[in-house]
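>>> just to be clear, the model below is a prediction. Sequence and coordinates:
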Amino acid sequence: MKNIAVCASFITGAHLRRIREAAERAGFTVSFFETQAALGEAIADFEVVFGYIPPELLPGARELRWLCAASAGVDQYLDDALWPRPDCLLTNSSGAYGPAISEHIIMVLLMLLRRMPAYQAALSRREWPSFTPIRSIAGSRVVILGTGDIGSHTARRLKALGAQVTGVCRSGRAGEPAFERVLPAAALDGVLPEADALVMALPATAETAGILSRERIALLPPRAYVVNVGRGSAVDQEALVEALEAGRLAGAALDVMTPEPLPADHPLWTCPNTIITPHVSGNMALGLTCDLDVEMFCQDLSRYAAGAPLARLVDRKRGY
């Protein structure tokens, strides 16, 4: 009998039943592990593994044929030396996080536009201010760097609120109609000067490292906000800090940084009009995210059992 290991703390009783039903139809048995340490002792016996798996466990997974990561980002698994065999399949859970992370983006962008950092600082001093003017999403020109699941969900919400949304991605193509236009990455420099906000939703790859460079930060207008929910490695943080402190940018909302956790003495903590969140825009705090994650695994399990291509297969060379 073929074996599946599931190691994910968000799994509920309903999720267990759904996975067991899908596994039975596919001819697999399922074992659930409450801790990564417990999985590490048994991982050699499993053909399929789903969940949050420390990459250092992979070399011991002698029977592994498919790892389904419960996360959207899989940069921790891209080193070929980790894998027990070169033909192992890797899928991610891109598609589960769009609703949660896009809502986070709307939240922090509204906070910045409506000057909530200034209000929070004043109210902590028990002052009673009235800051004017404020700005609106309606009529704002937003550039979304990364047009996948997260970028597309965000574009829909921004368009519904009246924004003009431009997508930028490697190919210059996206199927989401909420984007007024989609441009290739080579056109990024041309759209940054017109951006009221730049939203970054990129995976960690060699192509995305440092993509928001010092030179590109200088192209953004002083009214622009930077929102990053992808990876901290995509931003020149030193240049971003300098621009924020000098008032060359209106503000930033960062859910990802380098390093994480952000050191207590890092200058980002005290940058004006800056919202810091500890990499929580996605995670598994929203029940819908958990449900989607499990459902996508079950759907791909049916494909795997049938010998069909997996829907969320990652190219380990590209990183997504």
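Perfect, thanks for sending it. Source: prediction; values computed, not measured.

>>> rest of the way, CA atoms for contacts and neighbours
Will do.

>>> which stretches in the stretch 101-250 of the chain count as helices?
Assigned by DSSP state H, counting those that start in this stretch, the helices in the stretch 101-250 of the chain fall at 116-124, 149-160, 188-191, 214-219, 237-245.

>>> show the average pLDDT along the helix or strand just after the last one.
Spelled out, that is helix 237-245. Where DSSP states H and E defines the elements, the next helix or strand beyond helix 237-245 is strand 251-254. Averaged over strand 251-254, pLDDT sits at 98.

>>> contacts for strand 251-254?
Under the criterion CA atoms under 8 Å, 6 or more residues apart in numbering, residues 108-109, 112, 224-229, 244, 272-277 lie in contact with strand 251-254.

>>> how far out from the middle of the chain is it?
Offset of strand 251-254 from its chain centre (CA atoms, centre = their mean, to the nearest Å): 16 Å.

>>> what do you get for stretch 137-151?
A distance of 14 Å separates the centroid of the chain from that of stretch 137-151, by CA atoms, centre = their mean.

>>> and that stretch, what's buried?
137, 140-151 (16 or more other CA atoms under 10 Å).

>>> mind telling me what element residue 90 is part of?
Going by DSSP H and E, residue 90 is in strand 89-91.

>>> could you give the mean pLDDT of that strand?
What strand 89-91 shows for mean pLDDT is 98.

>>> and the contacts of it?
65-69, 310, 312-316.

>>> just stretch 259-270 next, same as before
Applying CA under 8 Å, 6+ apart, the contact partners of stretch 259-270 are 232, 241, 274, 276, 278.

>>> could you pull out the buried residues of the helix or strand of the chain with the lowest mean pLDDT?
When the helices and strands of the chain are scored by mean pLDDT, DSSP states H and E, helix 36-42 comes last with a mean of 93. Buried residues in helix 36-42, counted by 16+ other CA under 10 Å: 36, 39-40.

>>> stretch 273-283 too?
So for stretch 273-283, counting by 16+ other CA under 10 Å, buried means 273-276, 279, 281-283.

>>> ok, stretch 84-94 next?
Here stretch 84-94 shows 84-85, 89-94 as buried, counting by 16+ other CA under 10 Å.

>>> returning to that earlier point: need the winner for burial among the helices of the stretch 101-250 of the chain.
Compared across the helices of the stretch 101-250 of the chain, helix 149-160 shows the largest average neighbour count, a mean of 22 (mean count of other CA atoms under 10 Å).
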